[in-house]
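Trainee: got a sequence here, can you model it:
(chains A and B)
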Amino acid sequence: MDITTRDKVVARFGEKLLETSTAFDELTFLIDKGDLLAVVRFLRDDPALKYLHLSDITATDWLDRPKRFEVVYHLYSFDLRDYVRVKVRVGEEEPIDSLCSEWDGANWLEREVYDLFGVKFTGHPDLRRILTWEGFEGHPLRKDYPLTYEVPQFTYNKDEPPEVIK
Amino acid sequence: MDQKLMTINLGPQHPATHGVLRVVLDIDGETVVGCRPEVGYLHTGIEKTAEAKLYYKAIPLTDRMDYLAPMSNNLGYCLAVEKLLGVEIPPKAQWARVLLAEATRINSHLVWLGTHALDIGALSMVLYAFREREDILKIYEAVSGQRMMSTYFRIGGLAEDLPEDFGSLVQTMVTNVRRRLQEYEDILTNNRIWRNRTIGVGRLTKEEAIKSGVTGPLLRASGVKHDLRKARPYSSYEKFEFEVPTSDRCDCFGRYEVRMEEMRQSLRIIEQALAGMPDGRFRARAPGVVLPTKEETLYSMEALIYHFKLTTEGFSPPPGEVYVTIESPKGEIGFYMVSDGSPMPYRMRVRPPSFVNIAALPKLVVGRLLADVIACIGSIDIVLGEVDR
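Mentor: Below you'll find the model as predicted:
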């Protein structure tokens, strides 16, 4: 299964792929952010692949890397019964193309990544926070966002900062 | 023609929003012309919390996402970590997991049926459905001591062996639920009010469903025969015989039909699992990554040392990333785990089916009447704990 996808994508995009790997029986393509739309469209539209289902969009924060965020896409093919992972590395203030024009389901998933990591998506129709409220400061899933004890707020301690766990 | 639009809030505390969901509706008279679901009221930071815990300590967190399907969430999480570790699970644990995951599916569907029917006005259904759910909660209690947040699965197997009365409890549940499912259908399927409120309501075509990324009964009721238990069998599902029910109706009634048939198929799987339950260990023997059983720690010094080291230091999977998905009652739940070689997950991501499914709500309700919004939310079957995490 992986061989077909791997071979076809390598044949089509060749040198443009930054990295192709298979680990834990899972196929991963690391690509440049400029190629994102072309690669996912190819995976979705190629008649032998048909990765029609956008399963998930998420991100990982690698704080010490020059491009700290890895935006991770998981696509599923109903025909091949298999997943493929596409990863794109972006810097802190670097926007990435939205997939909302390709999949309606990308809308909320991208909003979640924006809310929790602060990655911006170009062309997203409604890029707002989704799990935290408007006015919330920071992006909680970043590695430099502190994990804290929840301290009940009273008048006498309302200006004290919460205690950081790590 | 003048059009007077009114914007109203449905929820967040409306009983028909199944938790804390706010739906901002633009209505023209009683017709919905705009719909914006707003979530996040229950955001508990489970993904962030898990990154600060040893791997096995995140299992109870998964229970609390979809609190109607704790065993399914445990299963997805454990499978993901086991894949990272390369641990093989003994057959008894696999079959018990299948049996309990299917009981969980019935549990979740029963709550859906009761509350969905309640939303639409069939008040007695919620009492009937919760009565049968009690049989499943008894099984939960027997195996784990808990009726809701069971935390029964462990990385490498189960928390404890199955209790002695397990077989009789399961058999009683199967007999009761099978008989009562027929009664539910007698009440609802040909009921004129039920049919008027659900047939043709909340249509989601096959193409729309795929484009929206919805999964589970919502996708299957739109005519897509996709079930991860068949497509990518896990935990020995390939050894069980069952059908994947679908419907081409693409509406609320189709989702009702699919879920009712799914419960019957789950009963089939449970019976097979009970009849053929293998003997042997309920937890893998993998010192260093899987806890020894309580009994082993009583007579083996090495087991005691491993137990101590695992509970204090944890284990460190090799660096890498896995994405494991299972068919939970609500749809495809996925666990994306990234390990950097430390004893805590570098990143734990949960792909929640309810979150993706509820995002499709505007497609279901725009152009329909206000009362249909209630039917549509119910038919999606959401748990807000999972939507917000």
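
Trainee: how confident was the prediction at B:T172?
Mentor: pLDDT for B:T172: 93.

Trainee: and B:P37, by the same measure?
Mentor: Looking at B:P37, its pLDDT is 91.

Trainee: quick one, what contacts whichever residue of chain B sits closest to chain A?
Mentor: Nearest residue of chain B to chain A (Cβ to the nearest Cβ) works out as B:G213 at 2.7 Å. Glycine gets a C-beta too; all of them are placed from N, C-alpha and C. Counting by Cβ atoms under 8 Å, 6 or more residues apart in numbering or on different chains, B:G213 touches A:53-55, A:103-106, A:109, B:356, B:359.

Trainee: among the residues you listed, which are in strands?
Mentor: In strands, defined here by DSSP state E, the members of the contacts of B:G213 are A:53-55.

Trainee: closest to B:V87 among the contacts of B:G213?
Mentor: Minimum separation from B:V87 among those (Cβ to Cβ) is found for A:S55, which lies at 24.4 Å.

Trainee: that closest one and chain B, how far apart?
Mentor: Noted for A:S55: a distance of 6 Å to chain B, by Cβ to the nearest Cβ, to the nearest Å.

Trainee: ok, for B:Y55, nearest residue in space, not its chain neighbours?
Mentor: Nearest residue to B:Y55 in three dimensions, chain neighbours excluded: B:V81, at 5.4 Å (Cβ to Cβ, 6 or more residues apart in numbering or on different chains).

Trainee: please apply the same query to A:H124.
Mentor: The shortest distance from A:H124 to any non-neighbouring residue, by Cβ to Cβ, 6+ apart, is to A:S98 (4.1 Å).

Trainee: ok, A:F29 next?
Mentor: In space, A:F29 comes closest to A:V86 once its chain neighbours are excluded; the distance is 5.2 Å by Cβ to Cβ, 6+ apart.

Trainee: my guess is the one you found contacts A:V40, does it?
Mentor: Yes - between A:V86 and A:V40 there is a contact under Cβ atoms under 8 Å: 6.4 Å.

Trainee: which neighbours do those two share?
Mentor: Joint contacts of A:V86 and A:V40 (Cβ under 8 Å, 6+ apart) are A:73, A:75.

Trainee: contact partners for A:P140?
Mentor: Applying Cβ under 8 Å, 6+ apart, the residues near A:P140 are A:116, A:132, B:45, B:48.

Trainee: quick one: pLDDT of it?
Mentor: As predicted, A:P140 sits at a pLDDT of 90.

Trainee: just to be sure, it is in a strand?
Mentor: No - A:P140: not assigned to a strand; according to DSSP: H, G, I helix; E, B strand; the rest coil it is coil.

Trainee: ok, back up a step: and the residue nearest to A:F29, what helix or strand is that in?
Mentor: Using DSSP states H and E, A:V86 falls within strand A:82-90.

Trainee: what segments of chain B are strands?
Mentor: Using DSSP E, strands in chain B cover B:6-10, B:22-28, B:31-38, B:153-154, B:157-158, B:320-328, B:331-339, B:347-351.

Trainee: helices or strands next to the fourth one in the packing?
Mentor: Put plainly, it is strand B:153-154. Counting contacts by 3 or more Cβ pairs under 8 Å, 6 or more residues apart in numbering or on different chains; DSSP states H and E, strand B:153-154 packs against helix B:70-85.

Trainee: what mean pLDDT does the helix it packs on have?
Mentor: Helix B:70-85 comes out with an average pLDDT of 92.

Trainee: before we move on, what about stretch B:20-29?
Mentor: Regarding stretch B:20-29, the rounded mean pLDDT is 90.

Trainee: report the buried residues of that stretch.
Mentor: Buried residues in stretch B:20-29, counting neighbours by 16 or more other Cβ atoms under 10 Å in any protein chain shown, are found at B:20-23, B:25, B:27.

Trainee: please list all residues in contact with the closest residue to A:L37 other than its chain neighbours.
Mentor: Spatial nearest neighbour of A:L37, excluding adjacent residues (Cβ to Cβ, 6+ apart): A:D97 at 5.4 Å. By Cβ under 8 Å, 6+ apart, the residues touching A:D97 are A:33, A:36-37, A:121-123.

Trainee: which of the residues you listed fall within strands?
Mentor: Taking DSSP E, the ones among the contacts of A:D97 that sit in strands are A:121-122.

Trainee: make a markdown table out of the contacts of A:D97 and add pLDDT.
Mentor: Output for the contacts of A:D97, formatted as a markdown table (pLDDT from 0 to 100):
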| residue | pLDDT |
| --- | --- |
| A:K33 | 89 |
| A:L36 | 91 |
| A:L37 | 92 |
| A:F121 | 93 |
| A:T122 | 91 |
| A:G123 | 90 |
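
Trainee: for ChimeraX, write a command that selects the buried ones of the contacts of A:D97.
Mentor: Buried members of the contacts of A:D97, defined by 16+ other Cβ under 10 Å, are picked up in ChimeraX with:
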select /A:33,36,121
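
Trainee: for B:V387, state which of the contacts of A:D97 is nearest.
Mentor: Using Cβ to Cβ, the contacts of A:D97 come closest to B:V387 at A:F121, 20.4 Å.

Trainee: hang on, that closest one packs against A:S101?
Mentor: No - contact criterion Cβ under 8 Å: A:F121 and A:S101 do not qualify, at 11.0 Å.

Trainee: skipping its backbone neighbours, what lies nearest residue 42 in space?
Mentor: I'll assume chain A. Nearest non-adjacent residue to A:F42, counting by Cβ to Cβ, 6+ apart: A:R12, 5.8 Å away.

Trainee: please go with chain B instead
Mentor: Closest residue to B:L42 apart from its sequence neighbours, by Cβ to Cβ, 6+ apart: B:D388 at 4.1 Å.

Trainee: can you check A:G105 too?
Mentor: Nearest non-adjacent residue to A:G105, counting by Cβ to Cβ, 6+ apart: B:G213, 2.7 Å away.

Trainee: ok, now B:E185?
Mentor: Spatial nearest neighbour of B:E185, excluding adjacent residues (Cβ to Cβ, 6+ apart): B:M260 at 6.4 Å.

Trainee: same question, B:M71
Mentor: Distances taken as Cβ to Cβ, 6+ apart place B:T104 nearest to B:M71, at 4.2 Å, with adjacent residues excluded.

Trainee: any low-confidence regions in the chain?
Mentor: Using chain A here. Counting by pLDDT under 70, chain A has low-confidence residues at A:1-3, A:166.

Trainee: looking at chain B here, not the other one
Mentor: Applying pLDDT under 70 to chain B flags residues B:1-3.

Trainee: try it again with 80
Mentor: Scanning chain B for pLDDT under 80 picks out B:1-3, B:11, B:13-19.

Trainee: compute the inter-axis angle for the longest helix along chain B and helix B:70-85.
Mentor: The single longest helix within chain B, with elements called by DSSP state H, is helix B:91-120. Counting by axes from the mean of the first three to the mean of the last three Cα atoms, to 10 degrees, helix B:91-120 lies at 140 degrees to helix B:70-85.

Trainee: coming back round to it: can you pick out the most distant pair from the contacts of A:P140?
Mentor: Farthest apart among these by Cβ to Cβ are A:T132 and B:K48. That separation is 11.7 Å.

Trainee: you'd agree B:I358 is up against B:E386?
Mentor: No - with contact defined as Cβ under 8 Å, B:I358 does not count as touching B:E386 (9.8 Å).

Trainee: okay, how far is it across stretch B:21-35, tip to tip?
Mentor: Here the two ends of stretch B:21-35 are set 13 Å apart, with distance taken as Cα to Cα, to the nearest Å.

Trainee: list the contacts of that stretch.
Mentor: Residues contacting stretch B:21-35 (Cβ under 8 Å, 6+ apart): B:3-12, B:17, B:36-39, B:41, B:358, B:361-362, B:365-373, B:377, B:382, B:384, B:387.

Trainee: apply 6 Å and report the result again.
Mentor: Under the contact criterion Cβ atoms under 6 Å, 6 or more residues apart in numbering or on different chains, stretch B:21-35 has outside partners B:3, B:5-12, B:36-38, B:362, B:365-366, B:368-370, B:384.
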